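Visitor: Structure, please.
(one chain, ligands or ions: 1)
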Amino acid sequence: MMNRRQFVCTGAAALFAHVPKARAATYDLLIKGGRVIDPSAGLDAIRDVAIAGGKIVAVEANIAGDAPQTIDARGKIVAPGLIDIHTHAGRSKEGPALLLQDGVTGWVDAGSAGADNIDQIATVARTGPQVGRALVNIARTGVISPAGELHDMNVANVALAQGAIARHRDVVVGVKARLSENVADANDLEALRRAQEAAAPFNLPVMIHIGQSYSNGILDDKGRLFPDVAAARRRGVIFDFGNGTLDHFDWATVERATKQGFWPDTISTDWNVMSKTTGVVDFPNVMSKFIMFGMPLSHIIACATVNAARVFPSFDDRGTLNVGAPADVAILELREGTFEFLDNYKGTRTGSQRLFPAATVLAGKQVQRG
Ligand SMILES: [Zn+2]
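Guide: The predicted structure follows:
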């Protein structure tokens with residue numbers, strides 16, 4: 001049975017079919033026929049994406065209309081541009097453009113620099129092609145590797161960190177403390193306290209490394225998740241998987257945590273310009289490790305897009321393909337085969353699927369391959 005409303009719609013559709021072709025919509029860029037996975041909209045379906053004026057203007061099946069440029073995305077995944085909330089992209093001016101090649105259209109430099117050297121990082125963040133932000137390290141020196149920056153707590157200076165935030169309110173979006181045992185020893189909890197003290201007047205978040213820390217990780221001696229971890233998540237603490245190259249994680253920890261139903265809220269790389277030759281390789285490779293552990297692909301993409309965007313207000317309108325959002329798009333290829341993945345203790349695991357970066361669109365323009 002057709003009610004009146006449905007009849008009216010059908011009639012309108014028939015009318016539009018007669019509009020001359022010259023009147024059809026024109027766009028700047030069309031991404032045709034890809035599997036659009038946009039967890040912010042609960043969408044996983046074959047769709048076209050139309051872009052105009054640097055914004056997403058339509059996500060629909062079979063979009064008619066013309067565009068000077070079309071990307072054929074058949075057989076590929078079309079996702080919101082990836083947001084990597086733990087990188088060291090600010091360390092060199094080449095970093096941001098390299099990340100863009102991997103589909104990363106937003107990044108956070110997580111504590112490369114402290115109060116003494118944040119100015120250089122802030123300059124890279126301001127001048128890069130995509131949105132770049134930074135966390136200021138509570139240690140005024142920033143990361144000292146491999147010696148560690150928090151053995152002498154005189155460097156963890158709250159007033160200096162606050163001065164750095166005040167100088168760079170447009171770029172600094174939080175405070176970082178590396179609480180690994182080889183960085184902080186038994187100073188971990190005091191470093192966290194100072195990081196929180198530095199961030200509090202600005203109402204900014206604190207990111208910490210928790211893992212091989214002096215006090216504890218997320219698992220007890222028997223590999224069980226501490227009840228405090230789930231309680232922290234309920235309070236709103238966000239758990240990021242930051243791949244890294246040294247320490248950070250081994251396969252056994254991932255396996256134990258995920259078997260207890262504990263999955264990351266966000267996924268990140270801890271990327272730097274040397275990451276191609278490490279177990280990181282690129283952001284899609286890190287995401288693929290969770291395919292191997294059975295995490296649904298849409299959840300993995302959520303961890304790298306909408307969930308990451310929600311951590312920092314700077315990415316409020318990103319991590320989504322909503323109509324009206326900035327047209328940042330990651331086109332990925334999900335290949336079947338035999339792929340070896342690395343943890344940070346030379347452990348290898350073999351998976352049967354791997355995401356590869358295929359193309360990136362930033363602010364409506366396709367990024368040229370480097
Ligand atoms: Zn890091």
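Visitor: separation between residue 260 and the ion?
Guide: In this view, residue 260 and the ion are 26 Å apart by Cβ to the ion, to the nearest Å. To be clear about C-beta, it is placed using only N, CA and C from the backbone, and glycine gets the same treatment.
Visitor: Surely that residue and residue 222 touch.
Guide: No - the criterion here is Cβ atoms under 8 Å, and residue 260 misses it with residue 222 at 11.5 Å.
Visitor: Tell me where this structure has helices.
Guide: 4-16, 95-101, 118-127, 158-167, 181-184, 188-199, 227-235, 251-259, 283-292, 297-304, 306-311 (DSSP state H).
Visitor: need those in a markdown table with mean neighbour count and mean pLDDT, can you?
Guide: Listed next are the helices of the chain as a markdown table, based on neighbours: other Cβ atoms under 10 Å; pLDDT from 0 to 100:
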| stretch | mean neighbour count | mean pLDDT |
| --- | --- | --- |
| helix 4-16 | 9 | 40 |
| helix 95-101 | 21 | 97 |
| helix 118-127 | 19 | 98 |
| helix 158-167 | 18 | 98 |
| helix 181-184 | 22 | 91 |
| helix 188-199 | 20 | 97 |
| helix 227-235 | 12 | 96 |
| helix 251-259 | 16 | 96 |
| helix 283-292 | 23 | 98 |
| helix 297-304 | 23 | 98 |
| helix 306-311 | 23 | 98 |
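Visitor: So what's the residue count around the closest residue to the ion within the stretch 251-370 of the chain?
Guide: Proximity of the stretch 251-370 of the chain to the ion (Cβ to the ion) peaks at residue 270, 4.2 Å away. Applying other Cβ atoms under 10 Å, we find 23 other residues in the vicinity of residue 270.
Visitor: same thing with residue 242?
Guide: So residue 242, with other Cβ under 10 Å, has 23 neighbours.
Visitor: residues contacting it?
Guide: 86, 110, 209, 248, 268-270 (Cβ atoms under 8 Å, 6 or more residues apart in numbering).
Visitor: how about those, which pair is most distant?
Guide: The span of the contacts of residue 242, defined through Cβ to Cβ, is set by 209 and 269 at 14.0 Å.
Visitor: Looking at those two, which is more packed in?
Guide: The residue with more neighbours, out of residue 209 and residue 269, is residue 269; 32 against 23, by other Cβ under 10 Å.
Visitor: what does the protein put close to the ion?
Guide: Residues of the chain found near the ion (Cβ under 5 Å from the ion) are 110, 270.
Visitor: remind me which residues of the chain are low pLDDT?
Guide: 1-24 (pLDDT under 70).
Visitor: mind redoing it with 80?
Guide: Where the chain drops to pLDDT under 80, the residues are 1-25, 211, 370.
Visitor: sorry, back to before: mind checking which of the contacts of residue 242 are in strands?
Guide: 86, 110, 209, 268 (DSSP state E).
Visitor: Tell me how far the residue lying closest to residue 291 once chain neighbours are set aside lies from residue 227.
Guide: Beyond its immediate neighbours in the sequence, the residue positioned closest to residue 291 (Cβ to Cβ, 6 or more residues apart in numbering) is residue 353, lying 5.1 Å away. Distance of residue 353 to residue 227, computed by Cβ to Cβ, to the nearest Å: 34 Å.
Visitor: go on, residue 283?
Guide: 32 Å.
Visitor: same thing with residue 64?
Guide: From residue 64 to residue 227 the distance is 55 Å (Cβ to Cβ).
Visitor: again with residue 363
Guide: Distance from residue 363 to residue 227, counting by Cβ to Cβ: 45 Å.
Visitor: cool, residue 358 as well?
Guide: With the distance defined as Cβ to Cβ, residue 358 ends up 42 Å from residue 227.
Visitor: got it, and residue 236?
Guide: Residue 236 is 17 Å from residue 227, by Cβ to Cβ.
Visitor: Equivalent analysis for residue 77, please.
Guide: As judged by Cβ to Cβ, residue 77 and residue 227 stand 37 Å apart.
Visitor: go on, residue 293?
Guide: To residue 227, residue 293 is 23 Å away according to Cβ to Cβ.
Visitor: Could you do residue 189 as well?
Guide: The value you get for residue 189 to residue 227, if Cβ to Cβ is used, is 19 Å.
Visitor: Show me which of the ones in strands among the contacts of residue 242 is closest to residue 321.
Guide: Distance to residue 321 across the ones in strands among the contacts of residue 242 (Cβ to Cβ) is lowest for residue 268, with 20.8 Å.
Visitor: and the nearest residue to the closest one once chain neighbours are set aside, how many neighbours?
Guide: Leaving aside its chain neighbours, residue 268 sits nearest to residue 86 (3.6 Å; criterion: Cβ to Cβ, 6+ apart). Using other Cβ under 10 Å, residue 86 has 26 neighbouring residues.
Visitor: Does residue 86 touch residue 267 like I think?
Guide: No - using Cβ under 8 Å, residue 86 is not in contact with residue 267, being 9.2 Å away.
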